[in-house]
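Q: sequence plus predicted model, see below.
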Amino acid sequence: MPVTKKTAKKRAVKSLTTTNPEELKRMIAEAAYYMAEQRGFEGGCDLHDWLQAEAKIERIYGKVGKSS
């Protein structure tokens, strides 16, 4: 049976919800780093980058820390 986008997303969400807090923190930190890199590491705020990254991870995978 082929994997649909819906099935793939469900698997990703399950993977994220079973991921430990350190892994979630790493994912958010990496996303925040790339956001800062895109603007040339200028004129930004670390907290703003972090919050944007956290929101992005939640949009992609669902609420961070939500149990399945």
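A: That came through, no problem.

Q: can you pull the poorly scored residue ranges out of the chain?
A: The model of the chain has pLDDT under 70 over residues 1-19, 63-68.

Q: give me that answer again for 90
A: 1-24, 39, 42-45, 57-68 (pLDDT under 90).

Q: longest helix in it, by number of residues?
A: In the chain, assigned by DSSP state H, the helix with the most residues is helix 21-38.

Q: by contact count, what packs against it?
A: With contacts taken as 3 or more C-beta pairs under 8 Å, 6 or more residues apart in numbering; DSSP states H and E, helix 21-38 sits against helix 46-61. Backbone N, C-alpha and C define where each C-beta goes, glycine included.

Q: now do the helix it packs on: which elements does it pack against?
A: Under the contact rule (3+ C-beta pairs under 8 Å, 6+ apart), helix 46-61 is packed against helix 5-17, helix 21-38.

Q: what comes up buried for the longest helix of the chain?
A: 24, 27-28, 31-32, 35-36 (16 or more other C-beta atoms under 10 Å).

Q: would you turn those into CSV with distance to Cys45?
A: CSV is the format used below for those (distance: C-beta to C-beta, whole Å):
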residue, distance to Cys45
Leu24, 21
Met27, 20
Ile28, 15
Ala31, 15
Ala32, 11
Met35, 11
Ala36, 9
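
Q: farthest pair in those?
A: Using C-beta to C-beta, the buried residues of helix 21-38 span at most 18.9 Å, a distance reached by Leu24 and Ala36.

Q: closest one of the buried residues of helix 21-38 to Lys56?
A: Taking the buried residues of helix 21-38 together and measuring to Lys56 by C-beta to C-beta, the closest member is Ala31, at 5.7 Å.
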